[in-house]
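K.L.:
I would like the atomic coordinates for the input below:
(chains A, B and C)
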Amino acid sequence: MFDYRQEPVRTIMMIDSKSFYASVESVERGLNPLKSILVVISHAPNTGGGGLVLAASPMAKKLYGISNVSRYYELPDDPRLLKVPPRMNLYIKKNLEINAIYQKYAAREDIHVYSIDESMLDLTKSWHLYGRNPQETARQIQQEVRAKMGIYTSVGLGDNPLLAKLAMDIEAKHSNSLMATWHYQTIPDTIWKIQNLTDVWGIGQRTAVRLGKLGITNMYQLAHTDPYALQANMGVIGAQLFATAWGIDRSIIAQKYQPVSKSYGNSQVLPRNYDQAPEIEVVLREIAEQVGARIRKRHLQTGLVTISLGQAQKSAKTGRAFYSHQTRITPTNLNDELTQVVIGLFRAHWTGAPLRNLSVSYGELTTDQNQQLNFFETTQIQVQRRKRDFVIDRLRQQYGFKTVVKASSLLRGGTAIQRAGLVGGHNGGNSYE
DNA sequence: TCTGGGGTCCTAGGACCC
DNA sequence: TCTGGGGTCCTAGGACCC
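P.N.:
This next block holds a predicted model:
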């Protein structure tokens, strides 16, 4: 069907730090990450102490069937099981150290940090410097990370990024060697053997159901369906899925991924249902300013503000729990302007139904070389406001969030003070304000 | 499981323009 | 003026990933 001679053949390595958070916590305690029985569990202040398992060690998974979405109350009451709080800042630091090791093996532009525990390396030009074949080089990287960091890694090798990622997800993670290699030539024995569509990167529950309606329930069937019918049915996604089934991925790491963020946003689940506009607005202001600080730190301005409101219950009318609204604005990164837009969106669109989830996101980012002045206020006032925002940002970076707190955050409903020190909504681990 | 949190990409339909 | 046609921009929603 496909003439693979036309496809790019590279040596791509997808590396995943096994049970990363749990492994870091094990190593910090002098335990072997494969033998320890440990879970990292978040006590988010907003979920009433319910707690959510962010990571479980392999043995914890095996012995108790704990998964990464287990809740605190589902955990067994067994003293052998270590339950530890997350330290997000530590994981970020360890991730940087691991990637520094990778940089010995591949040039910076040939490394793509995919997530906090996954990186993709293009070793086409460099693998031969370290081993007689790519597998030997991969083994050496695994050993070095294990020796220096105590962390085990799963490695998928492939002729392109897609094959490497699938080799890692589907085979390497579950094999004893923690390594697997997938080539174009072995697709019938690898991709086409995948029975569960949702195991495949890019196919979630909804897509699996849609494919099921077309009579497609595994990867072999997907590869042997009529691609034109698929595309007619599912658009670009259909074409992409078909390519995936044949292991086709024409991207090259150095070209495909530009690390520039397109948007920044924060969201949070509220500690209870909020049904009063003033207390909802307090939290929206807090989030609006939190995201504002993030874009100011990167010297960006936003031209597109989006809020998303999650209801306590699905709407009887629409059947949905979430709705979002956005608006374009003259680019800014000033708190007063951002909060004004966010609150304006809220007041224009809130249905009045109780809310449990709030989010604010800033897109259309541009650099803030020059401040856009508006027509309604004097230049002096606007410049002062900008300075004030930056001064507060610096104080908080140095001395902690609570150094400067808005009076409104002390009102009923505010969550910012409680959440100070969280990283990605979880405990940063080195913040004792 | 949208009652964890932070992102990206795609699509349908409407507004608006010529 | 849903009965001409093409194009762009914008918004809201859906789906997926880690």
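K.L.:
what residues does chain A have near DNA strand B?
P.N.:
Applying CB under 7 Å from any atom of the strand, one finds that chain A approaches DNA strand B through A:42, A:44, A:46-47, A:50, A:52, A:54, A:69, A:235-237, A:261-269, A:294, A:310, A:312-313, A:321-322, A:356-357, A:359, A:361, A:363, A:424-426. To be clear about C-beta, it is placed using only N, CA and C from the backbone, and glycine gets the same treatment.
K.L.:
pull the number of nearby residues for the nearest residue to A:V423 once chain neighbours are set aside.
P.N.:
The shortest distance from A:V423 to any residue other than its chain neighbours is 3.5 Å, reached at A:M88 (CB to CB, 6 or more residues apart in numbering). Neighbour count of A:M88, defined by other CB atoms under 10 Å: 23.
K.L.:
gap between A:M88 and A:L129?
P.N.:
Distance of A:M88 to A:L129, given as CB to CB, to the nearest Å: 35 Å.
K.L.:
ok, now A:S42?
P.N.:
Taken as CB to CB, the span from A:S42 to A:L129 is 42 Å.
K.L.:
before we move on, what about A:Q290?
P.N.:
45 Å.
K.L.:
who has more neighbours, those two?
P.N.:
A:Q290 (18 against 10).
K.L.:
from the contact counts, what lies against the helix or strand encompassing that one?
P.N.:
In this assignment (DSSP states H and E), A:Q290 forms part of helix A:277-297. Packing contacts for helix A:277-297, counted by 3 or more CB pairs under 8 Å, 6 or more residues apart in numbering; DSSP states H and E, involve strand A:264-274, strand A:300-311, helix A:335-349, strand A:355-367, helix A:379-399, helix A:416-419.
K.L.:
can you redo those as CSV with mean neighbour count and distance to DNA strand C?
P.N.:
Formatted as CSV, the helices and strands packed on helix A:277-297 follow (neighbours: other CB atoms under 10 Å; distance: least, CB to the nearest atom of the strand, whole Å):
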stretch, mean neighbour count, distance to DNA strand C
strand A:264-274, 17, 11
strand A:300-311, 20, 6
helix A:335-349, 18, 7
strand A:355-367, 19, 8
helix A:379-399, 13, 23
helix A:416-419, 17, 19
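K.L.:
kindly reformat the ones you listed as a markdown table containing mean pLDDT.
P.N.:
As requested, those are exported to a markdown table (pLDDT from 0 to 100):
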| stretch | mean pLDDT |
| --- | --- |
| strand A:264-274 | 91 |
| strand A:300-311 | 93 |
| helix A:335-349 | 93 |
| strand A:355-367 | 92 |
| helix A:379-399 | 73 |
| helix A:416-419 | 80 |
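K.L.:
dump those to a markdown table, plus distance to A:Y220.
P.N.:
Shown next, in a markdown table, are the helices and strands packed on helix A:277-297 (distance: least, CB to CB, whole Å):
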| stretch | distance to A:Y220 |
| --- | --- |
| strand A:264-274 | 39 |
| strand A:300-311 | 39 |
| helix A:335-349 | 46 |
| strand A:355-367 | 40 |
| helix A:379-399 | 54 |
| helix A:416-419 | 48 |
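K.L.:
quick check: mean pLDDT of stretch A:187-206?
P.N.:
The pLDDT scores in stretch A:187-206 average 94.
K.L.:
need the residue closest to the centroid of chain A.
P.N.:
Nearest to the mean C-alpha position of chain A, by CA atoms, centre = their mean, lies A:S115 at 6.4 Å.
K.L.:
what bridges to that residue?
P.N.:
A:E118 (DSSP bridges).
K.L.:
tell me how far it lies from A:Y4.
P.N.:
29 Å.
K.L.:
tell me which helix or strand the residue in the stretch 151-300 of chain A that DNA strand B sits nearest to sits in.
P.N.:
For the stretch 151-300 of chain A and DNA strand B, the shortest gap (CB to the nearest atom of the strand) falls at A:G235, measuring 2.6 Å. Counting by DSSP H and E, the element that carries A:G235 is helix A:227-245.
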